[in-house]
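Chemist: fold the following and give me the result.
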Amino acid sequence: MSNTVKKLIAFALTACLTLAAAPTANAAEAEAPAPAYFDLPVTVDTIRVGLNFGSSALYEAKLLNSVGSGYLFGYFDYSRQFHELGKTEVTALSMRGDNGFTLPDGMVVGPWHMVLNKQFNDFDSAKEFASALWGGFPGYIDGEYKVLVGAYADEAKTLTAIKSRSLDAEPFTGSKYSILAAETDTSELQFLLDVGEDTNLAVRPVSSSEKAETWFAGNAYHGDFQYIRTGSALTVINYVDLEDYVMGVLPYEMHGDWPQEALKAQGTCARTYAMNNINAYIDRGFDVRNDTYSQVYRGVTGTTESTNMAAAATAGEYVRYRGSVCKVYYMSSDGGATDSSANVFSQKRAYLSGVKDDNEKNIEYYNKSWKTELYDANVLYRLALSDYELDDIANIKATKSDMGNVIQLVFNDTNGKTVTLLGEDCFRIMGFNSLRYNVTSYKNEQGERIWVFKGSGWGHNCGMSQWGAYAMALNKNASSKEIIDFYFSGAYLG
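Modeler: Numbers count the residues shown, from 1 in each chain. Just a heads-up that it's a prediction; the model follows:
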């Protein structure tokens, strides 16, 4: 053996002895693994809620700033930042499309105005000049501040008014996107915005002390309002801070006198749902609706001390899975078991795998059990409403998941035609209360067949049961963390 090899062996032995003699790390240090993933940041803190849209869009939208001192006029950019264009001190404000209207006495007002041939550098100078003219008001038209005067039924009457008042002005009528703001009580015009399809009027309530609280259509709201004109109707959108939104959802999705931990679980779900539905209704200009198609939201009107506490206690908290914000669902009750999102919504998510749920068993709640009886004609009618056509009903067969929920419903007629419903359609299209039911039939005294659908629960059976959360918190003293962990397998609060 060469001297070089001997030296290497000696060095290796020395190193091994040194390491063996070295003190070991304590148990806590040895067992602390590096994180497998990091919580991804949430970048949106403002939610756009559709209040009135489609068939509920308004001809006139009225605001009342009950604790403030007026409004700012402006618009929102694509990053949801508000840009101020003007202001008013009136507290009762009405918005409507600038397409004219008829007073109770039959007089037609608008949609023509006199617009002065004068340039203004800013809103204040335009407003000051307008205030010296009877019927004058400021506007922002195609990127420029203008002063407009009066509201006339047609161009001819506008020209006559210009001549009679000896004003250096021209007749003007806005585009199909123009929107007027007027004082509600007097109809005195305050501002006109007309800059095209991509920029819509936004109104920000002003408050010098406490947070502005604005009444609209019978409810009080925090945040700002945006108006999108389509024809003569206005879509009304509430731009609201995410935490204020959660505060406005909680009392309408869960009873305020329920256990605090159940309310906290609901608050976290509401926040998570909103974040996962950003731009869900982008074609209409908002993220979520204010009804059960999204989450019920009525501003701050129905809030209670307990729901506000739950919202505040969970501020910034989301249901997460491996760092990402989850796609959460919840329903009133599951009737005994939730189900996989793959079975219900055809979207496989590891944390929505379905669970057997005995929590609801020992409590009483609405629709704990339900039964629907249908004649063949009733079944055919309900299918036809969704454009499914059969000649008659020969048989109905339900296929259930491992959790016992109906995930496939097959209808056959005597001519060999078949209609197959999958997932949530198995209860939505048929008008049932849930996916958890059995199918039987019998014949009445007249020999007519009647189909019996007997089940339990209320909702789509995917995600968190609200009544289950209530029962867990009440009967098991479960924390919101434990509730979320039960209904969303492998998810966590973060």
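Chemist: helices of this structure, start to end?
Modeler: 3-21, 27-31, 123-131, 155-165, 242-253, 260-275, 305-313, 341-344, 376-384, 425-428, 466-476, 480-487 (DSSP state H).
Chemist: pull the CA atoms of stretch 485-494 into CSV?
Modeler: Taking C-alpha atoms only, stretch 485-494 is exported to CSV below (Å, rounded to 0.1, in the frame of the first residue of the first chain):
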residue,chain,number,x,y,z
ASP,A,485,-60.5,20.3,7.6
PHE,A,486,-63.5,18.0,7.7
TYR,A,487,-65.3,19.2,4.6
PHE,A,488,-62.3,20.1,2.5
SER,A,489,-59.9,17.1,2.7
GLY,A,490,-56.3,18.2,3.0
ALA,A,491,-57.1,21.9,2.9
TYR,A,492,-56.0,24.4,5.5
LEU,A,493,-56.6,28.0,6.6
GLY,A,494,-53.9,30.4,5.5
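Chemist: ok, and what's touching that stretch?
Modeler: Contact with stretch 485-494 is made by 39, 268, 317-321, 326, 328, 330, 338, 350-353, 355, 463-465, 468-469, 472, 478, 480-481, 484, as judged by Cβ atoms under 8 Å, 6 or more residues apart in numbering. Placement of C-beta: from N, CA and C, glycine included.
Chemist: which residues does the residue most central in space within the chain form beta bridges with?
Modeler: By Cα atoms, centre = their mean, the mean C-alpha position of the chain lies nearest to Val288, the distance being 2.5 Å. Under DSSP bridges, the beta-bridge partners of Val288 are Val49.
Chemist: could you number the chain from 279 rather than 1 from now on?
Modeler: Sure thing, new numbering starts at 279, so read that last one as Val566.
Chemist: I figured it was touching Ile325, is that so?
Modeler: Yes - the criterion here is Cβ atoms under 8 Å, and Val566 meets it with Ile325 at 6.6 Å.
Chemist: how far is stretch 708-720 from where the chain is centred?
Modeler: A distance of 30 Å separates the centroid of the chain from that of stretch 708-720, by Cα atoms, centre = their mean, to the nearest Å.
Chemist: buried stuff in that stretch?
Modeler: Buried positions in stretch 708-720, judged by neighbour count with 16 or more other Cβ atoms under 10 Å: 708, 710-715.
Chemist: closest one of those residues to Phe623?
Modeler: When the buried residues of stretch 708-720 are compared for distance to Phe623 (Cβ to Cβ), Leu713 wins out at 11.3 Å.
Chemist: OK, contacts around the residue nearest to Thr579 when sequence neighbours are not counted?
Modeler: Spatial nearest neighbour of Thr579, chain neighbours left out: Asn497 (4.5 Å); criterion: Cβ to Cβ, 6 or more residues apart in numbering. If you count contacts by Cβ under 8 Å, 6+ apart, Asn497 has them with 576-577, 579.
Chemist: narrow the residues you listed to just the buried residues.
Modeler: Taking 16+ other Cβ under 10 Å as the criterion, what is buried in those is 576-577.
Chemist: so among the contacts of Asn497, where is pLDDT lowest?
Modeler: Lowest pLDDT within the contacts of Asn497 is found at Thr579 (91).
Chemist: assess the claim that it and Phe494 are in contact.
Modeler: No - contact criterion Cβ under 8 Å: Thr579 and Phe494 do not qualify, at 10.3 Å.
Chemist: look at Glu309 and report its pLDDT.
Modeler: If you check Glu309, the pLDDT there is 54.
Chemist: just for the stretch 279-428 of the chain, where's the confidence low?
Modeler: Applying pLDDT under 70 to the stretch 279-428 of the chain flags the ranges 279-314, 381-383, 385.
Chemist: so which of the buried residues of stretch 708-720 is the closest to Phe407?
Modeler: Set against Phe407, the nearest of these by Cβ to Cβ is Asn711 (62.9 Å).
Chemist: measure that closest one to Asn621 for me?
Modeler: Separation of Asn711 from Asn621 (Cβ to Cβ, to the nearest Å): 18 Å.
Chemist: now do Asn399
Modeler: As defined by Cβ to Cβ, Asn399 lies at a distance of 63 Å from Asn621.
Chemist: of those two, who's got more company?
Modeler: Applying other Cβ atoms under 10 Å to Asn399 and Asn621 shows that Asn621 carries more neighbours, namely 27 against 9.
Chemist: got a list of what the closest residue to the more buried one other than its chain neighbours touches?
Modeler: For Asn621, ignoring the flanking residues on the chain, the nearest one in space by Cβ to Cβ, 6+ apart is Ile685 at 4.4 Å. When contacts are counted by Cβ under 8 Å, 6+ apart, Ile685 is found next to 617, 621-622, 677-679, 700-701, 704, 713.
Chemist: find the pair from these with maximum spatial separation.
Modeler: Farthest-apart pair in those is Val622 and Thr677; separation 13.6 Å (Cβ to Cβ).
Chemist: between these two, point out the one with more neighbours.
Modeler: Val622 (26 against 12).
Chemist: next, count neighbours for the closest residue to Ala588 other than its chain neighbours.
Modeler: Closest residue to Ala588 apart from its sequence neighbours, by Cβ to Cβ, 6+ apart: Leu541 at 3.6 Å. Residues lying near Leu541 (other Cβ under 10 Å) number 30.
Chemist: try the one 4 residues further on
Modeler: When neighbours are defined as other Cβ under 10 Å, Gly545 has 28 of them.
Chemist: gap between it and Arg507?
Modeler: For Gly545, the distance to Arg507 - Cβ to Cβ - is 35 Å.
Chemist: wait, isn't the residue nearest to Ala588 in contact with Thr582?
Modeler: No - using Cβ under 8 Å, Leu541 makes no contact with Thr582, being 9.6 Å away.
Chemist: what segments of the stretch 429-578 of the chain are strands?
Modeler: Counting by DSSP state E, counting those that start in this stretch, the stretch 429-578 of the chain has strands at residues 447-451, 457-461, 467-472, 479-483, 492-494, 497-499, 502-508, 511-519, 566-567.
Chemist: so can I have a markdown table of those showing distance to Glu726?
Modeler: Shown next, in a markdown table, are the strands of the stretch 429-578 of the chain (distance: least, Cβ to Cβ, whole Å):
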| stretch | distance to Glu726 |
| --- | --- |
| strand 447-451 | 64 |
| strand 457-461 | 57 |
| strand 467-472 | 62 |
| strand 479-483 | 59 |
| strand 492-494 | 51 |
| strand 497-499 | 48 |
| strand 502-508 | 48 |
| strand 511-519 | 47 |
| strand 566-567 | 40 |
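Chemist: kind regards, and thank you for your time.
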